[in-house]
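Q: Predicted model and sequence below, questions to follow.
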Amino acid sequence: MAGPRPVVLSGPSGAGKSTLLKKLLKDYEGVFGFCVSHTTRNPRPGEEDGKGLNCLPMLLGATLLPVADVLSSVSSEDYHFVSRETMQQGINNGEFIENAEFSGNMYGTSKASVEDVQAQNLICILDVDIQGVKNIKKTDLNPIYVSIQPPSIEILEKRLRDRQTETEESLQKRLEAARLDMELSKEPGIFDIVIINDDLEEAYEKLKEVLTECINQLQEAKNDILFYVSLP
Ligand SMILES: Nc1ncnc2c1ncn2[C@@H]1O[C@H](COP(=O)(O)OP(=O)(O)OP(=O)(O)O)[C@@H](O)[C@H]1O
Ligand SMILES: Nc1nc2c(ncn2[C@@H]2O[C@H](COP(=O)(O)O)[C@@H](O)[C@H]2O)c(=O)[nH]1
């Protein structure tokens, strides 16, 4: 696929991927674009369908709201919320790069979502579980693979409980998946880097360090374009 090399963020549910992602998208506006996944799970309070930073021009056009109002209403971590039937149809039609069943729900990355970000010359960030990582490895996407891990399963459980988004049943399913994810992340060759998210600021600094090269490459490419465009 064309465009700058994408970034895959993975790691157990509750490890802090979205928290780090939101900081990154805010600090590097115009550099990164979030790939909005599809899911069959119910939206959480505050989540809305199909909203992602890459939908911004559409939102601005459709709502005619002041830019600041639209920006404050845009979350970087929402989904296209769909029924199982719709999702399965899309998968059957070959519209997805990868898809997985996680904690009783379907999740997937559509080709259109990736292309949407890449068409804007942004570095496309995907947030997927470990099954997604394995499936993406079979494609030609060629991303940088980053695993965000919690300091321990006990701390992960506390973070998930404190987040108050899960029922006891879904929390237990997520912890079960987390144990497997934490084991697999130790296998050499799966991830380019594993970041332990203990202190948030330290984890964020490490993430930025890993992404420095691709951030610089994109910014240089944009500067080159600006230079040539401004030539008389
Ligand atoms: N370093 C940290 N220290 C303490 N709490 C944290 C830290 N990082 C994230 N959290 C908190 O832990 C909770 C889980 O974080 P977050 O929602 O970002 O995880 P996630 O990996 O994106 O989960 P999911 O995959 O389920 O979306 C949030 O309430 C967040 O505020
Ligand atoms: N394989 C995929 N996994 C995905 C995708 N989008 C999100 N996820 C992962 O699902 C879990 C749970 O997410 P939550 O929002 O319900 O807490 C988490 O590990 C995500 O990384 C996807 O498109 N494909």
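A: Happy to help now that I have it. Ligands and ions are numbered 1, 2, ... in the order given.
Q: Any idea how many residues pack against Cys196?
A: Just so we're on the same page, residue 196 is Ile rather than Cys. 18 (other Cβ atoms under 10 Å). (Each C-beta comes from the backbone N, C-alpha and C, glycine too.)
Q: can you map out the helices along this structure?
A: 17-27, 56-63, 67-73, 84-92, 111-118, 130-136, 153-163, 168-184, 200-230 (DSSP state H).
Q: mind checking which of those is nearest ligand 2?
A: Across the helices of the chain, ligand 2 has its closest neighbour in helix 130-136 (2.7 Å, Cβ to the nearest ligand atom).
Q: For stretch 106-116, which residues meet the burial criterion?
A: Met106, Tyr107, Gly108, Thr109, Ser110, Ser113, Val114, Asp116 (16 or more other Cβ atoms under 10 Å).
Q: Just the endpoints, please. Distance across it?
A: Its start and end residues considered, stretch 106-116 measures 21 Å (Cα to Cα, to the nearest Å).
Q: touching ligand 2 at all, that stretch?
A: Yes: remark: stretch 106-116 sits within contact range of ligand 2 at Tyr107, Gly108, Thr109, by Cβ under 6 Å from any ligand atom.
Q: next one: stretch 171-186
A: No: residues of stretch 171-186 are not located near ligand 2 by Cβ under 6 Å from any ligand atom, the shortest gap being 7.3 Å.
Q: Same check on stretch 146-162?
A: No: applying Cβ under 6 Å from any ligand atom, one finds stretch 146-162 separated from ligand 2 by no less than 9.1 Å.
Q: Use 72 as the first number from now on
A: Yes, from this point I'll number from 72; that puts the last item at stretch 217-233.
Q: can you list contacts of that stretch?
A: Residues from elsewhere that reach stretch 217-233 (Cβ atoms under 8 Å, 6 or more residues apart in numbering): 78-88, 91, 237, 242, 245-246, 249-250, 253, 256, 261-269, 274, 278, 281.
Q: For the buried residues of stretch 177-187, point out the one with the lowest pLDDT.
A: Checked by pLDDT, the buried residues of stretch 177-187 have Asp187 as the lowest-scoring entry (93).
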